[in-house]
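Undergrad: model this:
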Amino acid sequence: MFSTSWQNDQTPQAMGTYMNQKDVKSVFLIGPNYAAGKDMLAGVKSTFKGEIKGEEYTVWPSQLDFSAELTKARNSGAAAVFVFYPGAAGVQFLNQYSQAGIKAQIPLYTAFTIDELSLPLQKENALGVPGAQQWVNDLPNEENKRFVADYRKKYPGLRPTFYGAQSYDAAQLINSAVVAVKGDMTKKDEMKAAMEKASFKSVRGAFKYGNNHIPIQNFYLQDVVKDAEGQLALKTVTIIVKDSQDNFHDKCPMK
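TA: Just a heads-up that it's a prediction; the model follows:
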């Protein structure tokens, strides 16, 4: 098994670290009641040093009314709210967060709620909401510049998502192993050794594999801005965590 993504708690761990950097004193956590939602909130709690004022899990995927949770967040006195809602739920949550007037009162931090798939629907509601991610469209390495340019040429008006970037890296990783064995895919040990080197050109720049075949990679702060064409886009602000390695690698029997 080789991953070109991350352990599920790594991205929210980066956001917890960023909230520490911003000297956020307390946070209210909201997410869906399934495995990924629990992983996300656990990730924040593992790095955030302030007070957890509350923790709410909503019915997934049917619940799209978050008024009760937003009321609890407002009444908790928390200095910030962290939320994880992918897809349509993320669009709905940001709509309600803005409509309820809470966005103007309590800063919102997130992971995976805002991406290139949801942003066209979230529109102005996404402005000023920082997120964490291991890849953003504007990473300055040459492979990424080519990938993004080719994608936008093929799909006018769209930008690639981090899902697409990870999938592209996965194809490149597999190809590097096929090339290493000159197409003889019966040489599985040699293919595995080649993949462990991660010598392909990744769209996220340099990363390497840990002993458990999870990438050791940077996590970035992303923000929503208007580009030169007046369209909303995700922009890299800074590196939150450099060369992040997942917390479970030392439990893996592979050494």
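
Undergrad: could you export the helix or strand encompassing Ile240 as PDB, CA atoms only?
TA: Using DSSP states H and E, Ile240 sits in strand 232-244. Coordinates of each C-alpha in strand 232-244 appear next as PDB, following Å, rounded to 0.1, in the frame of the first residue of the first chain:
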ATOM      1  CA  LEU A 232     -12.600  33.400  -6.600                       C
ATOM      2  CA  ALA A 233      -9.600  31.200  -6.200                       C
ATOM      3  CA  LEU A 234      -7.600  29.400  -3.500                       C
ATOM      4  CA  LYS A 235      -4.200  31.000  -2.700                       C
ATOM      5  CA  THR A 236      -1.200  29.700  -0.700                       C
ATOM      6  CA  VAL A 237      -0.500  32.000   2.200                       C
ATOM      7  CA  THR A 238       2.300  30.200   4.000                       C
ATOM      8  CA  ILE A 239       3.600  26.800   5.100                       C
ATOM      9  CA  ILE A 240       2.000  25.800   8.400                       C
ATOM     10  CA  VAL A 241       3.900  22.600   9.000                       C
ATOM     11  CA  LYS A 242       7.000  21.600   7.000                       C
ATOM     12  CA  ASP A 243       7.800  17.900   6.400                       C
ATOM     13  CA  SER A 244       4.900  16.600   8.400                       C
END
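
Undergrad: buried sites along it?
TA: Leu232, Ala233, Leu234, Thr236, Ile240, Val241, Ser244 (16 or more other CB atoms under 10 Å). Heads up, the C-betas are built off the backbone N, CA and C, glycines and all.

Undergrad: which residue, other than its chain neighbours, is closest to the fourth one?
TA: In this structure, Thr236 finds its nearest non-sequential neighbour in Val136, 4.4 Å apart by CB to CB, 6 or more residues apart in numbering.

Undergrad: and for that neighbour, the neighbour number?
TA: For Val136, the neighbour count with other CB atoms under 10 Å is 24.

Undergrad: just to be sure, it is in a helix?
TA: No. Judged by DSSP: H, G, I helix; E, B strand; the rest coil, Val136 forms no part of a helix; its state is coil.

Undergrad: hang on, it packs against Lys235?
TA: Yes. Using CB atoms under 8 Å, Val136 makes contact with Lys235 at a distance of 7.0 Å.

Undergrad: so what sits against both of the two?
TA: When contacts are counted by CB atoms under 8 Å, 6 or more residues apart in numbering, Val136 and Lys235 are jointly contacted by Gln222.

Undergrad: quick one: secondary structure of Lys201?
TA: Three-state call for Lys201 (three-state DSSP): coil.

Undergrad: number of nearby residues for it?
TA: Counted with other CB under 10 Å, Lys201 comes out at 15.

Undergrad: in space, what's closest to it - neighbours in sequence excluded?
TA: Nearest to Lys201 is Glu143, by CB to CB, 6+ apart, at 4.3 Å.

Undergrad: could you do Lys255 as well?
TA: Nearest to Lys255 is Asn211, by CB to CB, 6+ apart, at 5.5 Å.

Undergrad: before we move on, the earlier item: the strand holding Ile240 - contacts with which helices or strands?
TA: Applying 3 or more CB pairs under 8 Å, 6 or more residues apart in numbering; DSSP states H and E, one finds that strand 232-244 contacts helix 10-21, helix 119-122, strand 131-133, strand 215-226.

Undergrad: now the angle between helix 10-21 and it, please.
TA: Relative orientation of strand 232-244 and helix 10-21, computed by axes from the mean of the first three to the mean of the last three CA atoms, to 10 degrees: 90 degrees.
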